[in-house]
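1. pasting the structure only:
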């Protein structure tokens, strides 16, 4: 991060300038945006690291930020932290908004009796978080690259071991066959033939060869046995690196919550727990109408959409989502307890990006999250 950039969005110019005055002694790139019609253009022009919302009405702050994310793909993907200023009587509500993931932090700003250093300190904390997230993402990407190279050893060693075992087995069978044939020949061809072949000396050499091949077979089996724990570790490393990469992407990018549209409360809580384990925030909608109300307030980073809902079907919800230009690129994964091929085809034709059968396998969900959130993470 070079020169930190702060954008203050407000309705009243006086409020925006008051916040700016408290920051300009510490930060050089502080801009204000008070025209709602210019919010998107201002954000995309300045691409702030910290977006400070100076609205005395928290509902207006929420609506303005939701509208910004709805209208701007850059606002949804550009890594930034959000800080809301609030009145003393709205502190609890501001805390709830931040705890729920709508914003990152809040500060009591009205009445103007705060420590003059508190506001720049809050911005410094936000910038520190961004730097840490960026460093973590770089480290995670490096680890993922190394893990992928290590993981590539797994199929190579597995194939080499299998080929070696087959070759050893073929050699062993050939030697055993020769041993049987020569033993029969020596036993049936008489003393003269035995003398010609070296008799006892030839038997001894042949037995030595058989013993050596049997030792090779034993070594091959032991190599397989000894290698398996190491191969298991390689596979585990590859899986862990995918999860770490997903966590880093979630930290570095300013993501809206994942919308989980699921009427089964047990399944909904299970999905929420799995997403939380990946450091991804989620919001639940138990009906199709609740889902459409949610996407009217904000653009989710991804939608997990149940095929069957109590008030409508998932396909209808999906078509409504795809009809909204702001939601056209939001990844949608359909969920269903029925793996019927026609359901899959209908879902994909309606605009679904992917499909999962319930109960959801945690590892498969992690892989799909990494797959569909990866493009957004790359914007960071």
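-> Received, thanks. No experiment lies behind these values; they were computed from the predicted model shown.

2. give the buried residues for stretch 308-318.
-> By 16 or more other C-beta atoms under 10 Å, the buried positions in stretch 308-318 come out as 308, 309, 314, 315, 317, 318. (Each C-beta comes from the backbone N, C-alpha and C, glycine too.)

3. next step: the residues you listed restricted to helices.
-> 314, 315, 317, 318 (DSSP state H).

4. the third one and residue 309 touch, don't they?
-> It stands for residue 317. Yes - using C-beta atoms under 8 Å, residue 317 is in contact with residue 309, at 7.1 Å.

5. overlap in contacts of those two?
-> Each of 261, 288 lies in contact with both residue 317 and residue 309 under the rule C-beta atoms under 8 Å, 6 or more residues apart in numbering.

6. quick check: closest non-adjacent residue to residue 287.
-> Leaving out its chain neighbours, the residue that sits closest to residue 287 by C-beta to C-beta, 6 or more residues apart in numbering is residue 311, at 4.8 Å.

7. for the one you found, helix, strand, or coil?
-> Here residue 311 is recorded as coil under DSSP: H, G, I helix; E, B strand; the rest coil.

8. so what pLDDT did it get?
-> If you check residue 311, the pLDDT there is 92.

9. check the gap between it and residue 269 for me.
-> According to C-beta to C-beta, to the nearest Å, residue 311 stands 20 Å off from residue 269.

10. with residue 137 instead?
-> 29 Å.

11. and stretch 226-243, what's its mean pLDDT?
-> Rounded mean pLDDT across stretch 226-243 is 67.

12. likewise stretch 285-299?
-> Averaged across stretch 285-299, pLDDT comes to 90.

13. quick check: residue 73 touching residue 328?
-> No - the criterion here is C-beta under 8 Å, and residue 73 misses it with residue 328 at 9.7 Å.

14. quick one, which of those two is more surrounded?
-> Shown here are residue 73 and residue 328; by other C-beta atoms under 10 Å, residue 73 has more neighbours (15 against 11).

15. got the contact list for that one?
-> Taking C-beta under 8 Å, 6+ apart, we find residue 73 in contact with residue 329.

16. ok, residue 11 next?
-> If you count contacts by C-beta under 8 Å, 6+ apart, then residue 11 has 34, 36, 55, 60 around it.

17. if you count neighbours, what's buried in stretch 318-327?
-> Quick answer for stretch 318-327 (16+ other C-beta under 10 Å): 318, 321, 322, 326, 327.

18. ok, now which ones touch the first one?
-> Taking C-beta under 8 Å, 6+ apart, we find residue 318 in contact with 305, 332, 334, 347, 350, 351, 352.

19. so the fifth one sits against residue 315, correct?
-> The reference is to residue 350. Yes - between residue 350 and residue 315 there is a contact at 5.1 Å, judged by C-beta under 8 Å.

20. count of neighbours near residue 96?
-> 12.

21. my read is it is in a helix, agree?
-> Yes - counting by three-state DSSP, residue 96 is part of a helix.

22. mind checking pLDDT for it?
-> Listed pLDDT for residue 96 reads 87.

23. on that earlier part again, looking at residue 137 and residue 269, which has the bigger crowd around it?
-> Neighbour totals were compared for residue 137 and residue 269, and residue 137 leads with 22 against 13 (other C-beta under 10 Å).

24. and the gap between that one and residue 274?
-> Plainly put, residue 137 is 21 Å away from residue 274 if you go by C-beta to C-beta.

25. now residue 58
-> For residue 58, the distance to residue 274 - C-beta to C-beta - is 31 Å.
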